[in-house]
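Visitor: With the sequence up front, the predicted model follows.
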Protein chains: 2
Amino acid sequence: MARDAGGQTVKRADARRNIEAILDAAASRLSRDPEATIAQIAQEAGVGRITLYGHFASRAELVDAVVARTIAEGDAALDEVDLTGDAREALVRLIGSSWLLIVQIGALMTVAAATLPPERMLELHAGPVSRVESLIDRGRAEGAFRTDVPSSWLAGTLHRLMHGASVEIDAGRLAPHDAAATIAATALAAFTAPGETVPSVDQASQW
Amino acid sequence: MARDAGGQTVKRADARRNIEAILDAAASRLSRDPEATIAQIAQEAGVGRITLYGHFASRAELVDAVVARTIAEGDAALDEVDLTGDAREALVRLIGSSWLLIVQIGALMTVAAATLPPERMLELHAGPVSRVESLIDRGRAEGAFRTDVPSSWLAGTLHRLMHGASVEIDAGRLAPHDAAATIAATALAAFTAPGETVPSVDQASQW
């Protein structure tokens, strides 16, 4: 009995190691090669295809697991961003940190968007989205952000500004090192109520 | 000889009528049913599949022709919009008219985006895009719009605000009758330079 239980523990530890190796390999390989097959990922992970399929029934299931893990890690990193104090200043900090993450995991997100249904992509982004929404709601309550358009519209606008920066960089119309400041400058203005003065990113960083 | 030439003329007139009927049917059918097949479009146009394939070698070629015609018509309609005077006021007018067109042809554009390569979509939008860019450049030269971010970034932002409004309406987070004012209010703010006051849509309409 003790021997069986020990064997089970070893098996479970092996399975965990294999899953981690597969997820690491999938994240790395899919970021470099969006078309990578299950066979190529299994090879990079140093496991057999049968083993991989034992843990992930399809390529989509594997992509889902990789993206869920990557977003959870990103979400944990964003937890470190100080979102207290002036909401405009907090917005600039959140954009800076979020943009860094988007650059790091952008290629993987493109694979995810091409593989997973839009509803699942929304589910996976629920954590990061709720962080943005909380900040927007606080900023609106404190008079820092406009309230003449829906809160969800402001959150969507910020999301689309970030995604747009990726598009503009790929098209050669925006320098990568200007992206975070450009997104922040545009979001700060877009979030400003009619009749109010648009803050500069520098001003926002000094508040 | 005269009879042959007359026959050719009749044939050409028949061909033109068939092409118009096919394009009309494709625009109507694809707007209601994005998955519509060549056979269904031919049936709606009252022509045989062989006739349709004689004019359009593939479904993609037909979609391309329908979209090109629809955008050309929209572009002609936007030519009627007065873009003189205060650039912010002109922007609000252009957004109002463009949004109306987007509502009318939005379903067809979704089919187009799913069928045609991104580069071709860009080519097809060159007319509407250059109108927006001219207005933005004039507004920047006159001090109405910000110059601390690229002109192409402002044009892209306006495009993404419009597209975003469609997404928000589909998701039930934006009322269709609020869309044009919401886009205009956000674009006016996003285009305002740091240190300047955000205009309201009403103000912009009165300038």
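Guide: Nice, I can see it.
Visitor: what's the neighbour count on A:L174?
Guide: A:L174 has 22 neighbouring residues, counting by other Cβ atoms under 10 Å in any protein chain shown. C-beta here means a position set from N, CA and C on the backbone, and glycine is covered the same way.
Visitor: That one and A:M162 touch, don't they?
Guide: No - using Cβ atoms under 8 Å as the test, A:L174 is too far from A:M162 to be in contact (12.0 Å).
Visitor: Return, as residue ranges, the portions of chain A with sub-threshold pLDDT.
Guide: Within chain A, the segments meeting pLDDT under 70 span A:1-6, A:203-207.
Visitor: can you tell me the helix or strand for the residue nearest the centre of it?
Guide: Nearest residue to the geometric centre of chain A (Cα atoms, centre = their mean): A:I71, 4.9 Å. Here A:I71, judged by DSSP states H and E, is contained in helix A:59-78.
Visitor: I'd like to know which elements that helix is packed against.
Guide: Contacts defined by 3 or more Cβ pairs under 8 Å, 6 or more residues apart in numbering or on different chains; DSSP states H and E place helix A:59-78 against helix A:2-32, helix A:38-45, helix A:87-115, helix A:118-124, helix A:126-141.
Visitor: I'd like those as CSV, with distance to B:A60 and mean neighbour count appended.
Guide: As requested, the helices and strands packed on helix A:59-78 are exported to CSV (distance: least, Cβ to Cβ, whole Å; neighbours: other Cβ atoms under 10 Å in any protein chain shown):
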stretch, distance to B:A60, mean neighbour count
helix A:2-32, 28, 14
helix A:38-45, 30, 18
helix A:87-115, 19, 19
helix A:118-124, 23, 13
helix A:126-141, 35, 16
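Visitor: Verify the stated contact: A:L188 with A:P199.
Guide: Yes - using Cβ under 8 Å, A:L188 is in contact with A:P199, at 5.3 Å.
Visitor: what comes up buried for the helix holding A:I71?
Guide: By 16 or more other Cβ atoms under 10 Å in any protein chain shown, the buried positions in helix A:59-78 come out as A:59, A:62-71, A:74-75, A:78.
Visitor: what residues does chain A put near chain B?
Guide: Contact residues (Cβ under 8 Å from any Cβ of the partner chain) of chain A with chain B: A:146, A:148-150, A:152-153, A:156-157, A:160-161, A:163-164, A:167-168, A:173-174, A:182, A:185-186, A:188-201, A:203.
Visitor: which of those count as buried?
Guide: A:146, A:149, A:152-153, A:156-157, A:160-161, A:163-164, A:168, A:174, A:182, A:185-186, A:188-194, A:196, A:198-201, A:203.
Visitor: residues contacting the nearest residue in space to A:A189 that is not next to it in sequence?
Guide: Nearest non-adjacent residue to A:A189, counting by Cβ to Cβ, 6 or more residues apart in numbering or on different chains: A:V198, 4.5 Å away. Taking Cβ atoms under 8 Å, 6 or more residues apart in numbering or on different chains, we find A:V198 in contact with A:L188, A:A189, A:T192, B:A189, B:T192, B:A193, B:P194, B:G195, B:E196, B:T197, B:V198.
Visitor: about what we covered before: and the buried residues of helix A:59-78, which is closest to A:L52?
Guide: A:L62 (7.5 Å; Cβ to Cβ).
Visitor: so what's that closest one up against?
Guide: Neighbours of A:L62 in contact, by Cβ under 8 Å, 6+ apart: A:I22, A:A26, A:I38, A:I41, A:L52, A:F56.
Visitor: 6 Å instead, please
Guide: A:A26, A:F56 (Cβ atoms under 6 Å, 6 or more residues apart in numbering or on different chains).
Visitor: show me the contacts for A:A36.
Guide: Taking Cβ under 6 Å, 6+ apart as the test, what A:A36 contacts is A:R29, A:L30.
Visitor: Shouldn't it be within a strand?
Guide: No - using DSSP: H, G, I helix; E, B strand; the rest coil, the assignment for A:A36 is coil, not a strand.
Visitor: thinking again about what came up before, now, which of the residues of chain A next to chain B lie within helices?
Guide: A:152-153, A:156-157, A:160-161, A:163-164, A:167-168, A:182, A:185-186, A:188-190, A:201, A:203 (DSSP state H).
Visitor: domain parsing for chain A?
Guide: If you go by automatic domain parsing, the domain ranges for chain A are A:1-57, A:60-206.
Visitor: Redo these as a markdown table? Include distance to B:S31.
Guide: As requested, those are exported to a markdown table (distance: least, Cβ to Cβ, whole Å):
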| stretch | distance to B:S31 |
| --- | --- |
| domain A:1-57 | 32 |
| domain A:60-206 | 21 |
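Visitor: Identify all contacting residues around stretch A:123-137.
Guide: Residues contacting stretch A:123-137 (Cβ under 6 Å, 6+ apart): A:V67, A:A68, A:I71, A:D75, A:L83, A:A90, A:S151, A:L154, A:A155.
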